[in-house]
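# Compute the structure for the input listed below.
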Amino acid sequence: MPTLDLPFIRAQFPALAGDDVYLDNAGGSQCLGRVADRIRDYLVTTPVQLGASYAVSQAAGEKVLAARRAVAGLIHAPHDEEVVMGGATTLLVFQVTQAIRAGIRPGDEIIVTDTDHEANIGAWGRLAEAGAVIRFWRMRPETMRLELDDLQALLNDRTRWVAMTQASNVLGAVNPVAEVAALVHAAGARLCVDAVAYAPHRLVDVQASGADLYVFSFYKVFGPHYALLWGRRELLLSLASLNHDFIPPTTLPYKLQPGNVNYELSWGCAGIADYLVEVGERLGAAGSGRARMQAAFDAFERHEDALAERLLGFLASKPGVRLIGPASTRGGQRVPTISFVAAGQHSEALVRQVDPHRIGIRFGDFYARRLIDNLGLREQGGVVRVSIAHYNTAEEIDRLIAVLDPVL
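Numbers count the residues shown, from 1 in each chain. So this is what the prediction gives:
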């Protein structure tokens, strides 16, 4: 199997040129230099409003449309009009649930999980104000997984939506969203998937996911602080418009983008797909751009799994350490977002012992507060989280282990 050219990879991320070790990638990945270059390019060469007849405005419009098409290719969307971009995943889920609200009837049921980031719980919970009944699909503490049998018991003819994460930002566990989608659709309901913790580690395929709505943030996937929501075209057309009342309700995606997109950030995001294609080419992949992106992510997964197993093995050797999530990467059951607690130690105190060594890890609940509470970890300060990306190295993991070893 071809391996990543790490010197080339790391050279694409300017922040990696220093001595700091970034292992807080689930909080925000490093940004590609080519993404930053594109943002500057837009602001320097086409800093104008779209839609005018003069040449610079026309060029600006072509850039923004090209960016949307590039993002559609990245996620395997059937139509680029299905790509709704905006400030953050939390914002986009809030916006789309407000568009859904007009169709909610008293007694309609919405199922959310207790493992998700609050972005994919709180906005749905607000639909209780319109009469929706919010039900929880709860993780089983003994397996630390969402079990399909438990979802099946919740589904009924009143279920309208299920909202879940594709990979937990605390547990690291990958959920079988395609299987969930089949169950949800058989019940006559729809599925919203939060892929924020998944998209940096696997090539997104919205069609294969079976989801009806799908969201993630570009700033977790090597881009700027921006996000996307994808939805099935017929669903988006059926939703209430969030834009001015004179905007035709068939105008996608503009009807769901009040104030329009951020032009320069959109143009910047197109650089993510370019990078993935180039990595795939350097690995020897041929065929379509998507085939090359898949080759890149396959190599990312192999590299990340090796680093994760290195850290998981160390943590398993420490008798006072409790791993929160799957113990292994085998079978693709987890992404390299690794959380743990140490007996007798507050998670914040442990992380602060690491900080002086210029290694970035993190403690807390990571906005998955319901999960942390259900695990009984609030008083311990939540978990310690180490989140690995494909540009990290074995030497960086060893550097962290050397710091953790005497304090665990």
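
# For stretch 263-271, buried residues please.
Using 16 or more other Cβ atoms under 10 Å as the test for burial, stretch 263-271 gives 263-271. Any C-beta I mention is one placed from the backbone N, CA and C, and that applies to glycine too.

# next one: stretch 147-158
151, 155, 158.

# try stretch 196-209
196-204, 206, 209.

# residues contacting the residue nearest to Ala286 when sequence neighbours are not counted?
Closest residue to Ala286 apart from its sequence neighbours, by Cβ to Cβ, 6 or more residues apart in numbering: Arg292 at 7.7 Å. Shown in contact with Arg292 (Cβ atoms under 8 Å, 6 or more residues apart in numbering): 276-277, 279-281, 285-286.

# filter those to the buried ones?
Among the contacts of Arg292, the ones that count as buried by 16+ other Cβ under 10 Å are 276-277, 279-280, 285.

# Pick the one among those residues closest to Gly382.
Using Cβ to Cβ, Leu276 is the member of these that lies nearest Gly382, at 32.4 Å.

# Identify the residues contacting the closest one.
74, 203, 292-293, 296-297.

# And what about it, helix, strand or coil?
helix (DSSP: H, G, I helix; E, B strand; the rest coil).

# Could you check how far it is from Ile9?
Distance, Leu276 to Ile9, by Cβ to Cβ, to the nearest Å: 11 Å.

# returning to what we had before: of the buried residues of stretch 263-271, which belong to strands?
Secondary structure defined by DSSP state E assigns none of the buried residues of stretch 263-271 to strands.

# Reformat the contacts of Leu276 as JSON lines; add secondary structure, distance to Asp355 and pLDDT.
Shown next, in JSON lines, are the contacts of Leu276 (DSSP: H, G, I helix; E, B strand; the rest coil; distance: Cβ to Cβ, whole Å; pLDDT from 0 to 100):
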{"residue": "Leu74", "secondary structure": "helix", "distance to Asp355": "35", "pLDDT": "98"}
{"residue": "Leu203", "secondary structure": "coil", "distance to Asp355": "34", "pLDDT": "98"}
{"residue": "Arg292", "secondary structure": "helix", "distance to Asp355": "39", "pLDDT": "98"}
{"residue": "Met293", "secondary structure": "helix", "distance to Asp355": "35", "pLDDT": "98"}
{"residue": "Ala296", "secondary structure": "helix", "distance to Asp355": "32", "pLDDT": "98"}
{"residue": "Phe297", "secondary structure": "helix", "distance to Asp355": "31", "pLDDT": "98"}
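
# secondary structure class for Thr115?
Secondary structure of Thr115, per three-state DSSP, is coil.

# Can you report how many residues neighbour it?
25 (other Cβ atoms under 10 Å).

# Can you show me the CA trace of stretch 299-318 as PDB?
Extracted in PDB, the C-alpha atoms of stretch 299-318 (Å, rounded to 0.1, in the frame of the first residue of the first chain):
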ATOM      1  CA  ALA A 299      -4.000   6.600   3.000                       C
ATOM      2  CA  PHE A 300      -5.100   9.000   5.700                       C
ATOM      3  CA  GLU A 301      -7.000   6.300   7.500                       C
ATOM      4  CA  ARG A 302      -4.100   3.800   7.500                       C
ATOM      5  CA  HIS A 303      -1.700   6.500   8.800                       C
ATOM      6  CA  GLU A 304      -4.100   7.700  11.400                       C
ATOM      7  CA  ASP A 305      -5.000   4.200  12.600                       C
ATOM      8  CA  ALA A 306      -1.300   3.500  13.200                       C
ATOM      9  CA  LEU A 307      -0.800   6.600  15.200                       C
ATOM     10  CA  ALA A 308      -4.100   5.900  17.200                       C
ATOM     11  CA  GLU A 309      -3.000   2.400  18.000                       C
ATOM     12  CA  ARG A 310       0.300   3.700  19.300                       C
ATOM     13  CA  LEU A 311      -1.500   6.000  21.700                       C
ATOM     14  CA  LEU A 312      -4.300   3.500  22.600                       C
ATOM     15  CA  GLY A 313      -1.700   0.800  23.400                       C
ATOM     16  CA  PHE A 314       0.100   3.200  25.800                       C
ATOM     17  CA  LEU A 315      -3.200   4.200  27.500                       C
ATOM     18  CA  ALA A 316      -4.200   0.600  27.900                       C
ATOM     19  CA  SER A 317      -0.900  -0.100  29.700                       C
ATOM     20  CA  LYS A 318      -1.800   2.400  32.400                       C
END
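
# Off-centre distance for that stretch?
On the basis of Cα atoms, centre = their mean, to the nearest Å, stretch 299-318 is displaced by 21 Å from the centre of the chain it belongs to.

# May I see the contacts of Leu276 organised as JSON lines, with distance to Ala36 added?
Shown next, in JSON lines, are the contacts of Leu276 (distance: Cβ to Cβ, whole Å):
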{"residue": "Leu74", "distance to Ala36": "18"}
{"residue": "Leu203", "distance to Ala36": "23"}
{"residue": "Arg292", "distance to Ala36": "23"}
{"residue": "Met293", "distance to Ala36": "21"}
{"residue": "Ala296", "distance to Ala36": "20"}
{"residue": "Phe297", "distance to Ala36": "22"}
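
# Closest one to Ile111 out of those residues, please.
The closest of the contacts of Leu276, once distances to Ile111 are taken by Cβ to Cβ, is Leu203, at 27.3 Å.

# For the helix or strand hosting Trp124, list every residue counted as buried.
When secondary structure is defined by DSSP states H and E, Trp124 falls within helix 122-125. Residues 122-124 are the ones in helix 122-125 that count as buried (16+ other Cβ under 10 Å).
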